[in-house]
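1. Can you look at this prediction? I've put the sequence above it.
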Amino acid sequence: MNALPDSLFRAPHAARRTANGFTYVSLLAAIVVIGITLGSAGKSWQAISAREKEKELLFRGNQYREAIIKYRNAIPGIQRYPPSIEELLKDSRTVTGKRYLRRKFKDPISGEDFVEIRDVATRGIIGMHSPSEKEPLQKKNFPDPYREFEGKTKYSEWLFQALPQQTLKPPG
């Protein structure tokens, strides 16, 4: 009846099974390559994000430092440090409630409030620092007024202080 061998009828089906296996292996290889690429991109993104947070820490810390200097020098002849952060937001010593700081900042590294550094004698706020114990990415080549940050091993060692001899340089 049927003079053709059975192998002729099975050959296309067997070839399709081999092609399906090759497609599956190719798909697995593509997934591995995509995973490795995304992993590398994730590490690069983390490094970029950490550098941006570090720059933001320098900016925010300097905002506090400058606000404390402005508060201290606001009334001639009376050099007093602010008793609270709220005083930097609205100075109760002045009729208009002068603002030296636009808002209270959080530490960008930890997401927590900055830690206040207080003068032992007056209990006024002389500076701020990060509560983070993480290791900084930048360890050298700091611009003024951050030169003292060189060689520090933790962000909490970066002290944004308004020291008595410090004044603000005029813009320009």
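-> Great, that's in hand. Residues are numbered from 1 along each chain as shown.

2. Double-check Lys139 against Glu150; I have them as touching.
-> Yes. Counting by Cβ atoms under 8 Å, Glu150 is a contact partner of Lys139 at 6.7 Å. C-beta: built from backbone N, CA, C; applies to glycine.

3. How confident was the prediction at the most centrally placed residue in the chain?
-> Centroid-nearest residue in the chain: Lys53, 1.7 Å away (criterion: Cα atoms, centre = their mean). Listed pLDDT for Lys53 reads 96.

4. correct me, but it touches Ser110?
-> No. Assessed by Cβ under 8 Å, Lys53 is found out of contact with Ser110, at 9.7 Å.

5. my read is Glu116 is in a helix, agree?
-> No. Using DSSP: H, G, I helix; E, B strand; the rest coil, the assignment for Glu116 is strand, not a helix.

6. CA atoms only: put stretch 49-59 into PDB for me.
-> The C-alpha coordinates for stretch 49-59 follow below in PDB (Å, rounded to 0.1, in the frame of the first residue of the first chain):
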ATOM      1  CA  SER A  49      24.300  58.300  42.200                       C
ATOM      2  CA  ALA A  50      26.800  58.100  45.100                       C
ATOM      3  CA  ARG A  51      28.800  60.900  43.600                       C
ATOM      4  CA  GLU A  52      25.700  63.100  43.200                       C
ATOM      5  CA  LYS A  53      24.700  62.500  46.800                       C
ATOM      6  CA  GLU A  54      28.200  63.400  47.900                       C
ATOM      7  CA  LYS A  55      28.000  66.700  45.900                       C
ATOM      8  CA  GLU A  56      24.600  67.400  47.500                       C
ATOM      9  CA  LEU A  57      26.000  66.700  51.000                       C
ATOM     10  CA  LEU A  58      28.700  69.400  50.300                       C
ATOM     11  CA  PHE A  59      26.100  71.800  49.100                       C
END
